[in-house]
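Chemist: Provide a 3D model corresponding to the input given below.
(2 chains)
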Amino acid sequence: MKRELIKDILKSSKFDIAVTVGGWLRTRRDSKGGFSFLEINDGSCFANLQVIADNSLSNYATEIEKLYPGSSLSVTGQLVESPASGQSVELKAETIKVFGFCDPLEYPIGKQRVSFEKLREIAHLRPRTNSFGAVTRVRNNLAFATHKFFQEKNFFYINTPIITASDCEGAGEMFRVSTLPADNPPVDDNGNVDYTQDFFGKKASLTVSGQLEGETHACALGNIYTFGPTFRAENSNTRRHLAEFWMIEPEMAFADLNDDANLAEEYLKYLFNYVLENSSEDLGFFNQRIEKGIIEKLAKLAESKFERISYTEAIEILRKADAKFEYTPEWGADLQSEHERYLAETCFGTPVIVLDYPKIIKPFYMRMNSDEKTVAAMDVLLPNVGEIIGGSQREERLDVLNARIDECGNNPDDYWWYCELRKFGTVPHAGFGLGFERIVQFCTGMQNIRDVIPFPRTPNNVEF
RNA sequence: UCCGGCGUAGCUCAGCGGUAGAGUAGGUGGCUGUUAACCACUUGGUCCUUGGUUCGAAUCCAAGCGCCGGAGCCA
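Modeler: Now for the predicted structure:
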């Protein structure tokens, strides 16, 4: 079926031409003047198209008057200038084909307001709402902008494995991947599960990060990035965590921590500018209904310089701060949520990049600084969201890396191939990870991360 | 996992010891180039589950289940 998108029709300045649209009814208003107003949405944009359905249509009494929100239809007619205010163009229907009626007594999302919590229970229908249509289009633009940004900078898109045997420094609890019988797995002489009999012949899990594999390709192709699903089996119940989420992980060869921070800042600003330019209609909705001032916020951040401070400076600022913290800031302890929020929201009011964390709170692969107390790590903190990016310069010196693997209590055998990247032609390199849903949250103002991914997976929730 | 809050009509909520309410959606009638349409009437409920206190529980207490917010873990 050849059809025009409402997105294009509403921009059209050509009138009195024949067009066909297909979409879902949002609302019907009857006029006793002998016609009905139908508002159609086809998902191509936020706005609806107003259709005039005259009672001279052959199926007016039999079908048009029985249309309720959610019904699917196609309309062919003349695009005309609207005589009334509220819309510039409207479609005067010549034929209306109804594909599917929608019973208003059963359909859960009519014209009335439905809470986000309720919509999560009907995740198969929620993309038909204004909010989720807008979130989905912004999410799409952020994904496209991500590829565009890295491709323009000559980064190669690579696909790291989803099933893995390396547990990447214990970034979180992992989901086991196994074909062994769950109720009665084979056991070895010590009574432990015998994974040599499993599908892969050893313990396998869903990935918590593609970083270690990503490094292999950075150490060959130069600059690469991944953009794929990531899994954490943590029992996290917050509005910022998912068990399955999408992560973007660039990795650069011949790069240090400063290059890494520059890339992170440039990438975030690129995203802000991209959605400001290409999602303006949807952002207008978020600006009005979800987070007042979000457009101004994104525009300001796209222009501003991100604050950069060392971890040690951050601790000093927090200790002098005129604020009550539940946890006293102390050198050597990780920054608490309240500390990150103070820095990004109260103290600077801009994104903050914190650099050079104590080695004791960071994983083995981060590069040791010359003070031998800190490592070349960075976190990017956003107002309201908190940590959005975590990254580091990687340890490229084999002897130091081996010592750190030992020190952190890891088994060197698990990282033999990772170490060989240092053994054979090592190179300074750096990268970071960004949680895609968190940036969607930030750019839409949506409060709960479960509402910026089509089908959220959280503890006790795997419906759909 | 810990702390706090909340589960009442299809939906959004009020009621907080004396026998069930509003708005909205749906129905009927009226009116209208309408646009969150409007006006009148109207259908609609195991008050999450189980147990306890009480003459009497939607209301108080306890446990369970579910959801939300904060914390931790992190992206």
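Chemist: report the longest strand in chain A, please.
Modeler: What stands out as the longest strand in chain A, according to DSSP state E, is strand A:17-31.
Chemist: can that one be found next to RNA strand B?
Modeler: Yes. Strand A:17-31 is in contact with RNA strand B by CB under 7 Å from any atom of the strand, via A:27, A:29-31. Where you see a C-beta, it was placed from the backbone N, CA and C, and this is true even at glycine.
Chemist: from these, which has minimum pLDDT?
Modeler: Of all those, A:S31 has the smallest pLDDT value, namely 84.
Chemist: what about the residue nearest to that one when sequence neighbours are not counted, which SS state?
Modeler: Distances taken as CB to CB, 6 or more residues apart in numbering put A:F37 closest to A:S31, at 7.0 Å, once the chain neighbours are dropped. Three-state call for A:F37 (DSSP: H, G, I helix; E, B strand; the rest coil): strand.
Chemist: what about A:F37, distance to RNA strand B?
Modeler: From A:F37 across to RNA strand B, the span is 3 Å (CB to the nearest atom of the strand, to the nearest Å).
Chemist: Surely that residue and A:L49 touch.
Modeler: No. Contact criterion CB atoms under 8 Å: A:F37 and A:L49 do not qualify, at 10.9 Å.
Chemist: re earlier: buried ones in the longest strand of chain A?
Modeler: A:19-28 (16 or more other CB atoms under 10 Å).
Chemist: Show me what that strand is packed against.
Modeler: Judged by 3 or more CB pairs under 8 Å, 6 or more residues apart in numbering; DSSP states H and E, strand A:17-31 is in contact with helix A:6-11, strand A:35-41, strand A:72-81, strand A:89-100.
Chemist: Show residues contacting the shortest one.
Modeler: So the one you mean is helix A:6-11. Defining contact as CB atoms under 8 Å, 6 or more residues apart in numbering, one finds that helix A:6-11 is touched by A:19, A:21, A:23, A:40-42, A:44-45, A:47-49, A:79, A:88-89, A:91.
Chemist: Give me the distance from it to the chain's centre.
Modeler: 27 Å (CA atoms, centre = their mean, to the nearest Å).
Chemist: and it with RNA strand B, contact?
Modeler: No. On the criterion CB under 7 Å from any atom of the strand, helix A:6-11 is out of touch with RNA strand B, staying 12.7 Å away.
Chemist: Same question for that helix: list its buried residues.
Modeler: A:6-7, A:9-10.
Chemist: can you pull the pLDDT of the residue of the stretch 351-464 of chain A found nearest RNA strand B?
Modeler: Relative to RNA strand B, the nearest point of the stretch 351-464 of chain A is A:G435 (2.9 Å; CB to the nearest atom of the strand). Among the per-residue scores, A:G435 shows a pLDDT of 95.
Chemist: Correct me if wrong: it contacts A:E244.
Modeler: No. Between A:G435 and A:E244 there is no contact under CB under 8 Å: 11.6 Å.
Chemist: Now list the buried members of the contacts of helix A:6-11.
Modeler: A:19, A:21, A:23, A:40-42, A:44-45, A:48-49, A:79, A:89, A:91.
Chemist: Burial check on A:K297, number of neighbours?
Modeler: 18 (other CB atoms under 10 Å).
Chemist: hmm, who's touching the helix or strand harbouring A:I439?
Modeler: If you go by DSSP states H and E, A:I439 is part of helix A:436-444. Outside helix A:436-444, the residues that touch it by CB under 8 Å, 6+ apart are A:134-135, A:138-139, A:142-143, A:146, A:227, A:240, A:242, A:245-248, A:268, A:271-272, A:275, A:283, A:286, A:290-291, A:294, A:298, A:382, A:384-385, A:388, A:446-447, A:449, A:452-453.
Chemist: can I have that helix written out in PDB, keeping just the CAs?
Modeler: Once non-C-alpha atoms are left out, helix A:436-444 reads as follows in PDB (Å, rounded to 0.1, in the frame of the first residue of the first chain):
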ATOM      1  CA  PHE A 436      22.400   4.300  26.500                       C
ATOM      2  CA  GLU A 437      19.100   4.400  28.500                       C
ATOM      3  CA  ARG A 438      20.600   6.900  30.900                       C
ATOM      4  CA  ILE A 439      21.300   9.400  28.100                       C
ATOM      5  CA  VAL A 440      17.800   8.800  26.700                       C
ATOM      6  CA  GLN A 441      16.500   9.600  30.200                       C
ATOM      7  CA  PHE A 442      18.600  12.800  30.400                       C
ATOM      8  CA  CYS A 443      17.500  14.000  26.900                       C
ATOM      9  CA  THR A 444      13.800  13.300  27.500                       C
END
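Chemist: Near RNA strand B, which residues of the stretch 251-400 of chain A are found?
Modeler: Within the stretch 251-400 of chain A, the positions lying close to RNA strand B (CB under 7 Å from any atom of the strand) are A:327, A:334, A:336-338, A:341, A:386-390.
Chemist: 6 Å instead?
Modeler: A:334, A:336-338, A:386-390 (CB under 6 Å from any atom of the strand).
Chemist: Can I get those in CSV including secondary structure, distance to A:I315 and pLDDT?
Modeler: Below are those laid out as CSV (DSSP: H, G, I helix; E, B strand; the rest coil; distance: CB to CB, whole Å; pLDDT from 0 to 100):
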residue, secondary structure, distance to A:I315, pLDDT
A:D334, coil, 11, 93
A:Q336, coil, 12, 93
A:S337, helix, 16, 91
A:E338, helix, 14, 92
A:G386, strand, 17, 83
A:E387, strand, 16, 89
A:I388, strand, 21, 93
A:I389, strand, 20, 95
A:G390, strand, 18, 95
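Chemist: ok so, going back, quick check on the contacts of helix A:436-444: which are buried?
Modeler: For these, buried by 16+ other CB under 10 Å: A:134-135, A:138-139, A:142, A:146, A:227, A:240, A:242, A:245-248, A:268, A:271-272, A:275, A:283, A:286, A:290-291, A:294, A:298, A:382, A:385, A:388, A:446, A:449, A:452-453.
Chemist: Show me what residue of the stretch 51-200 of chain A gets nearest to RNA strand B.
Modeler: Counting by CB to the nearest atom of the strand, the stretch 51-200 of chain A gets nearest to RNA strand B through A:G86 (2.5 Å).
Chemist: Excluding covalently adjacent residues, which one is nearest to that residue?
Modeler: In space, A:G86 is closest to A:Q50, 7.8 Å off (CB to CB, 6+ apart).
Chemist: Chain A: helices as residue ranges?
Modeler: A:6-11, A:116-121, A:130-152, A:211-221, A:257-278, A:280-289, A:294-303, A:311-320, A:337-341, A:398-407, A:416-423, A:436-444 (DSSP state H).
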